[in-house]
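My questions concern the predicted model and sequence given below.
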Amino acid sequence: MENLEKLGKMDKALRMLEDLKNSQVAMIEKSSKLQLDAMEFNFSDMEKNMADLFTRYNESLDMINEDLEKFETKRNEFEKKHGLDKIEE
């Protein structure tokens, strides 16, 4: 039961990473929209700040995607190693 519980926790962590990824995508979209709005409003400070945020959010998204991919692989390997992929629910 210990390995099954650990797998459940790993699944929860994957869902949290996916949620974090979705939140990051939303922040990228919003900062991009605000940057365009700032151009229209001729508000250069906001335009620069939103451009900076857009870059940071994109870098963070890259990190999240990398961790998500690696952790999903680790989770799948754990599941196979312990024969949990053969358990019927």
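It's in.

Report the central residue of this protein.
In the chain, the residue lying closest to the centroid (CA atoms, centre = their mean) is Lys21, at 2.2 Å.

That one and Asn65 touch, don't they?
Yes - using CB atoms under 8 Å, Lys21 is in contact with Asn65, at 6.7 Å. Just so you know, the C-beta spots here come from the backbone N, C-alpha and C atoms, and that holds for glycine as well.

just the strands in the chain please.
For the chain, applying DSSP state E gives no strands.

Break down it into its helices, ranges please.
For the chain, helices defined by DSSP state H occupy the ranges 2-41, 44-81.

Can you spell out which helices and strands pack onto the longest one?
Yep, that's helix 2-41 we're talking about. helix 44-81 (3 or more CB pairs under 8 Å, 6 or more residues apart in numbering; DSSP states H and E).

Check which helices and strands the helix it packs on is in contact with.
Using 3+ CB pairs under 8 Å, 6+ apart: helix 44-81 touches helix 2-41.

Give me the mean pLDDT for the helix it packs on.
Averaged over helix 2-41, pLDDT sits at 97.

list the buried ones in it?
Across helix 2-41, burial judged by 16 or more other CB atoms under 10 Å covers Leu7, Met10, Leu17, Lys21, Gln24, Met27, Ile28, Ser31, Ser32, Leu34, Gln35, Ala38.
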